Each structure stands twice: as structure tokens, then as C-alpha cells.
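Below are the sequence and a predicted model for it; my questions follow.
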Amino acid sequence: MVAQASRLKNVRYDIRGPVLRRAQDLEAAGHRILKLNLGNPEPWGLNAPESMLQDVVHNLTQAQGYSDARGIYPARVAVAQYYQTLGIKDCSPDDVFLGNGVSELIVMSMQALLNAGDEVLVPSPDYPLWTGAVSLCGGRAVHYRCDESEGWAPDVEHAAAQITENTRAIVIINPNNPTGAVYSRETLLGLLELARRHDLLVVTDEIYDKILYDGAVHHCAAALAPDLVVLTMSGLSKTYRAAGFRSGWLVVSGPKSAADEYLEGLQLLANMRLCPNVPAQHAVQQALGGYQSINELIRPGGRLYEQRNHAWEQLTAIPGVDCFKPAGALYLFARLDPDVHKIHDDQKMIIDLLDQQHMLLSHGTGFNLPTSDHLRMVFLAPVEVLDDAVGRLRRFLASYRQ
């Protein structure tokens, strides 16, 4: 018998766990599954800008060998220049690490930081890879509450109460996945002050920084705290609709001399993976420096804007369902009123929905929410598909009991 490594015992990634396996079984049996569980733009006809694709193709013959372990220089220059425009004045190409998606960089950032028993503050709900990566690297994710009654804003006082002598870092996800919350400047300053007071590394996931609605403003955390060591992560997957390229970046800012040993470890890990995907790196310069086509999608009349509004209106019209209207990102994180829908196992509910309606959504506890009364729906699909999806959910909830 080949046993599983013990370090995986506490690692969870439920949004791709039993629910996805059941969906795959149904597909193998010949059923068509409506998948609104992943923020993957391409299946819904939301494609990368043509200029990005042309740059990748044009440079393909030069992309056959390994690059610098941190990534090709022109791409790192483009990333550094972008963050300079956001107010990170000391950002240079040497402060940029490119990765095979942000996912790889999340794991690398934790591998370089954590010893057994170290703690990291992670928001609840969160993008679950953060919690999983902390556990994988021998640490413990300690969740700080985001308050639904306050538009899912982080509860700074609750975060402060979770800090112990073992706390090493705080993770900020802004705009937030799964809630769609965009944090105020005041909230960010409060979280950054905790990091300052307790000497914590700040790690901020800003992959949705340009996907904003109704005048919402994204504040770059690193620009608000030049005196703190901050790792800022983003990439091409969402804003530039190139999820399959697996092209992300990590930017180190602040007093880097205070983190020399940590950064040496990060460089070691970058060297060990040799380099990120080289062809996809050639899309970065054009993406950041070219026409920002995302703006057409998020303004009134734009596809993402209208799909968000329509899906939110239809979803909240279901009896016993309410939902914060997202100010950013690509998701509706809906609440099922426990007085109407008495759900005690939300993963089972999602599997039952899958079996009965052949539709795949995500359950709230999969995002490390402590209660079983939420689900996440992606609104990347066209309006007619979203209508179909909400109709299936309405019919399911009308008779579903646990």
C-alpha cells in the first residue's frame, strides 16, 4: 500500500473535492452539467485580448528555453512599472517574481515563511487555497471574521483578537473571493496597523483589482504601508481572461532589508522550479501596458456589469435567499435563510443539487465559512444561462429538505 503523506491530512480544498468528483461521475454517465463553480472566463466566451495572444505567438520561438528563475525581464519591468503607478515608489524588476499562476506563488510564499506551528491570519470566508497552503507548509490558518452585515468587511477587532506569539503573517484578499467585497481605505489601514504593531508579514491577493462595479475603488495595500514588508499578488487569469496561461506575479515592497533571509528562501524556491511558464510571460507586458478591455465589461451596459445585476436580482427573488451585491470580482455569495432553508450540511446540499438539477455550484463551508448557510454562484455565463441556473436552484430549494 502506498500511503498518503501525513502533511496532507489537514489540507482541505473542498471546492474541488467530493462535489467535483460527483460531477465528473455524472458526466461520465452521459449527463451535461451546468458548471457555475469556477471563475474560468473562457468557457463563456470571455477571451483574452487578441494583442496578448499575438505577443505570445510572436515570441514563441524565443520562449523555448528556461528564463531567469524570477521570469523574463520585460515582463518584470511591466509589473514593476504598473505598481509604481499605484504608488509603490520603490518597486523595481528585481522585486518581482513571476509564477505559474498566483496559486504557485501562494504556496511558495508560505513555504519560505512557515515552520511547524506558525500561524497565519486568513479571512473567513477565503479563497481556500490560502488555508490549504498554510496547512500544507506546516502552519495553522487562523481565520478572522468578515462581517456580512457590514458588506463582508473584515472585522479588524476580531482579527486583532486572533493574534498570538505564533502569528507570522496576515493575508488580505481584496477584492474578495468569494464575497465580492471591496475593502475601504480605513479597513485596510486597520489591518495594516495590526501588521505594524505585531511585526507581521502582509500578503495581499489582488487578482481582481480591476474588476470593480458601481464606482468601487480598489486601494493597493502596499501603497498604503511603505514601511511594511508586503507581498502583492495578481496575474492574467481574471482581468485579462487568460486563466489557462497560468501567469501570475508576486511583488515585494517595503523595507526589504528586514526580510533578507525570507527573500533568500523565496529565491531558492524560485530556482528549484527553474522558471515559470515562459511563453505565457510574453503576454504580461502587452496586458499591463495595452488597452484595458476589462473596462468595457464592468461599466453599465458591459457584459460583466449586466450579468452581475441580472443574476443578483434573480437570485435574491428566490424566497429565503439574500445576497450582498458584489462591488468587485465575479461571484455571488448568497445566504440561505436558516428559518426557511434548514441546511445543516451544505456540501451535501450542493451534491444533491448536482444530482437533481445537473448544476454545479460551490458550498460556503468550502471557503472556510463556519456556517452552512451560503453558496457561491459564478456570474460569467450569459444572461439566458444565468436564468436557467437560477430557475434550477429555485425549483430545487422549493422542495429540498435535510
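All right, it came through fine.

Point out where the stretch 251-400 of the chain drops to low pLDDT.
Of all residues in the stretch 251-400 of the chain, none has pLDDT under 70.

what domains does the record give for the chain?
Partitioning the chain according to automatic domain parsing yields domains covering residues 6-47+296-399, 50-289.

Could you look over the ones you listed and pick the most buried one?
Neighbour counts averaged per stretch over those are highest for domain 50-289, at a mean of 20; criterion: mean count of other CB atoms under 10 Å. (Each C-beta comes from the backbone N, C-alpha and C, glycine too.)

And that domain, end to end?
Here the two ends of domain 50-289 are set 14 Å apart, with distance taken as CA to CA, to the nearest Å.

One more: stretch 226-245?
End-to-end distance of stretch 226-245 (CA to CA): 31 Å.

Longest helix in this protein, please.
Ranked by residue count, the top helix of the chain under DSSP state H comes out as helix 383-399.

to the chain's geometric centre, what's the distance from it?
Relative to the centre of its chain, helix 383-399 is centred 26 Å away, using CA atoms, centre = their mean, to the nearest Å.

Are there helices or strands packed against that helix, and which ones?
Under the contact criterion of 3 or more CB pairs under 8 Å, 6 or more residues apart in numbering; DSSP states H and E, the helices and strands touching helix 383-399 comprise strand 34-35, helix 303-315, helix 346-357, strand 359-360.

Distance to Q111 added to these, as a markdown table?
Formatted as a markdown table, the helices and strands packed on helix 383-399 follow (distance: least, CB to CB, whole Å):
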| stretch | distance to Q111 |
| --- | --- |
| strand 34-35 | 31 |
| helix 303-315 | 34 |
| helix 346-357 | 29 |
| strand 359-360 | 31 |
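
Can you give me the pLDDT of I72?
Turning to I72, the model gives it a pLDDT of 97.

what's the nearest residue to it if we skip its chain neighbours?
Of all residues not flanking I72 in the chain, Q281 sits nearest, at 4.8 Å (CB to CB, 6 or more residues apart in numbering).

Over to V390?
Using CB to CB, 6+ apart, the closest residue to V390 is Q314 (4.3 Å).

Over to V217?
With CB to CB, 6+ apart as the measure, V182 is the residue that lies nearest to V217, at 7.3 Å, once sequence neighbours are left out.

Using the three-state scheme, assign the one you found.
Reducing the assignment to helix, strand or coil with DSSP: H, G, I helix; E, B strand; the rest coil, the entry for V182 is coil.

thought it was touching A327?
Yes: under the criterion of CB atoms under 8 Å, V182 is in contact with A327, at a separation of 4.3 Å.

Quickly list what's touching both of these two.
Residues touching both V182 and A327 (CB atoms under 8 Å, 6 or more residues apart in numbering) are P175, L212, A216.

so can I have JSON lines of those showing distance to G254 and pLDDT?
Below are those laid out as JSON lines (distance: CB to CB, whole Å; pLDDT from 0 to 100):
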{"residue": "P175", "distance to G254": "22", "pLDDT": "98"}
{"residue": "L212", "distance to G254": "25", "pLDDT": "98"}
{"residue": "A216", "distance to G254": "26", "pLDDT": "98"}
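
Out of those, the closest to L98 would be?
For L98, the closest of the shared contacts of V182 and A327 turns out to be P175, at 22.1 Å, with distances computed as CB to CB.

Who are the contact partners of the nearest residue to that closest one once chain neighbours are set aside?
Closest residue to P175 in three dimensions, ignoring its sequence neighbours and counting by CB to CB, 6+ apart: G328, at 3.0 Å. For G328, the contacting residues are P175, N176, G180, A181, V182, Y208, I211, L212, Y213, A216, H218, by CB under 8 Å, 6+ apart.

got the CA coordinates for stretch 381-389 in CSV?
Provided in CSV are the C-alpha atoms of stretch 381-389 (Å, rounded to 0.1, in the frame of the first residue of the first chain):
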residue,chain,number,x,y,z
ALA,A,381,-22.3,33.0,-18.1
PRO,A,382,-24.7,34.8,-20.4
VAL,A,383,-28.0,36.1,-19.1
GLU,A,384,-30.0,33.2,-20.6
VAL,A,385,-27.8,30.7,-18.9
LEU,A,386,-28.0,32.5,-15.6
ASP,A,387,-31.8,32.5,-15.9
ASP,A,388,-31.7,28.7,-16.4
ALA,A,389,-29.3,28.3,-13.4
